[in-house]
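Participant: my questions are about this predicted structure, shown below with the sequence.
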Amino acid sequence: MEVKYTKHFLNKLEDVFSESEYILRYEKGNFKSGYCILQNNKVAVVNKYYPTEGKINCLIEILKNIQPDLTQLSEKNQKFLAELLVSA
């Protein structure tokens, strides 16, 4: 799947997080990688000052690392995530 750096694509990634057990937050901070994952609290924090492209790259990287439980996702998001992670 080709990654599109648009607000719509960002919304699709955020939708995957909304169905997963992880909470996605945009906060200010100087994370070296642009994001921080709090594994015990199941919270992913992304730098809110990042442009759309940076946020998308961070969310894809986070999804690769946390590997959300597919059974919690809708069929649409399962398909989207599978396509995304295969190509990433």
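Facilitator: Done, it's in.

Participant: over to the spatially closest residue to Lys28 that is not a sequence neighbour: give its phi and psi.
Facilitator: The spatially closest residue to Lys28, leaving aside those adjacent along the chain, is Lys48, at 5.6 Å (Cβ to Cβ, 6 or more residues apart in numbering). Every C-beta, even on glycine, is put in place using the N, C-alpha and C of the backbone. Reported as degrees, to the nearest 10, the phi and psi values for Lys48 are phi -70, psi -20.

Participant: surely Lys48 meets Leu24?
Facilitator: No - contact between Lys48 and Leu24 fails when scored by Cβ atoms under 8 Å: they sit 11.3 Å apart.

Participant: and those two? which has more neighbours close in?
Facilitator: Neighbour tally, Lys48 and Leu24, criterion other Cβ atoms under 10 Å: the higher count belongs to Leu24, 18 against 11.

Participant: would the more buried one count as being in a strand?
Facilitator: Yes - assessed by DSSP: H, G, I helix; E, B strand; the rest coil, Leu24 belongs to a strand.

Participant: surely it and Phe17 touch.
Facilitator: Yes - if you go by Cβ under 8 Å, Leu24 and Phe17 touch, sitting 4.0 Å apart.

Participant: and the residue most central in space within the chain, what's its pLDDT?
Facilitator: Nearest to the geometric centre of the chain sits Leu59, at 2.9 Å (Cα atoms, centre = their mean). Leu59 carries a pLDDT value of 95.
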